[in-house]
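Chemist: Need coordinates for the below:
(one chain, ligands or ions: 1)
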Amino acid sequence: MKFFIDTAVVEEIREVHSWGVLSGVTTNPSLVVASGRNFHEVIKEIAQLVGGSISAEVTALETKEMVAQGKVLAALHPAVVVKVPLTPAGLGACAALRAEGIRVNVTLCFSVNQAMLAARAGASYISPFVGRIDDINGNGIELVREIAEVYALHDIETEVLAASLRHPRHVTEAALAGAQVSTLPYKVFKQMISHPLTDKGLDQFMQDWAKGSSKQAK
Ligand code: E4P
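Modeler: Residues are numbered from 1 along each chain as shown. Model prediction:
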């Protein structure tokens, strides 16, 4: 499973990218506003930094405007993937952008039927929102599992991009459910890497080394 980071904060992206684990970045209008940066400038900077797949979301509600915005976003950098919402207008925009050779991430997916429609419209990625389903007492990981199963059954190439993951257990479960990609906030990357036994073990190794290192130098 590939990892994307879900943020528009360049410092966070730079740090996780330095670990050698990032295949892309997802953003949405809320994340771009929270970053305080100009939309196109920050997308370009992120794309130059990471490459891979950088999702940038349209903010129009009608197909024609979505397609126009999508073309502008795609022209910023070859790594840009245009993100459109799972609405009738979004599906139309997905098909039109795909016809122009532009990759599309269809977002705000909450059902298998929506995911099948997005695949038909030519989506490169489908983004089921796991945490937001859990928020209303549903089972977000089960949705990821069902989409992955249906896509596999019908040889659909659209990649399942598990989104709205809120904690490390979500990441493990998304991988077990068959997601090809998970997008995580910076905080979840930090939680994933940390383990008290790693810290304790390293501390012990360093202490022992300090005690005996004078002998090693001779
Ligand atoms: C994904 O592309 C979305 O930007 C994101 O994962 C939404 O997460 P949230 O439900 O925690 O806002």
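Chemist: what's next to stretch 30-38, contact-wise?
Modeler: Residues outside stretch 30-38 that contact it (Cβ atoms under 8 Å, 6 or more residues apart in numbering) are 6, 7, 8, 9, 10, 39, 42. C-betas here are computed from N, CA, C, even on glycine.
Chemist: Same check on stretch 17-29?
Modeler: Identification of contacts with stretch 17-29 by Cβ under 8 Å, 6+ apart yields 2-8, 13, 16, 42-43, 46, 49-50, 52-57, 59, 79, 81, 83, 105, 107, 127, 161, 163, 181, 183, 189, 193.
Chemist: The ligand next: which of those are close?
Modeler: Among these, the residues lying close to the ligand (Cβ under 6 Å from any ligand atom) are 6, 107, 127, 163, 183.
Chemist: Number of residues surrounding residue 114?
Modeler: By other Cβ atoms under 10 Å, 19 other residues sit near residue 114.
Chemist: tell me which element it falls in.
Modeler: Using DSSP states H and E, residue 114 sits in helix 112-120.
Chemist: Tell me which residues of that helix come out buried.
Modeler: Neighbour-count burial for helix 112-120, with 16 or more other Cβ atoms under 10 Å as criterion, is recorded at 112, 114, 115, 116, 117, 118, 119.
Chemist: can I get those in TSV with distance to residue 207?
Modeler: Formatted as TSV, these follow (distance: Cβ to Cβ, whole Å):
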residue	distance to residue 207
112	53
114	55
115	52
116	57
117	59
118	54
119	55
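Chemist: Including pLDDT, could those go into CSV?
Modeler: Converted to CSV, those look like this (pLDDT from 0 to 100):
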residue, pLDDT
112, 98
114, 98
115, 98
116, 98
117, 98
118, 98
119, 98
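Chemist: which of the contacts of stretch 17-29 count as buried?
Modeler: Buried, going by 16+ other Cβ under 10 Å: 2-8, 13, 16, 42-43, 46, 50, 53-57, 79, 81, 83, 105, 107, 127, 161, 163, 181, 183, 189, out of the contacts of stretch 17-29.
Chemist: quick one: which of those residues sit in strands?
Modeler: 2-6, 53-57, 81, 83, 105, 107, 127, 161, 181, 183 (DSSP state E).
Chemist: could you pull out the helices for the chain?
Modeler: 10-18, 29-35, 39-50, 63-74, 88-99, 112-120, 130-135, 140-153, 168-176, 186-193, 196-217 (DSSP state H).
Chemist: Could you tell me the least trusted of these?
Modeler: Mean pLDDT per stretch puts helix 196-217 lowest among those, at a mean of 91.
Chemist: What residues of that one count as buried?
Modeler: Across helix 196-217, burial judged by 16+ other Cβ under 10 Å covers no residue at all.
Chemist: counting contacts, what elements does that helix pack onto?
Modeler: Judged by 3 or more Cβ pairs under 8 Å, 6 or more residues apart in numbering; DSSP states H and E, helix 196-217 has no packing partners among the helices and strands.
Chemist: For the protein, which residues are neighbours of the ligand?
Modeler: Contact residues, the chain versus the ligand (Cβ under 6 Å from any ligand atom): 6, 26, 28, 107, 127, 129, 131, 132, 163, 164, 183.
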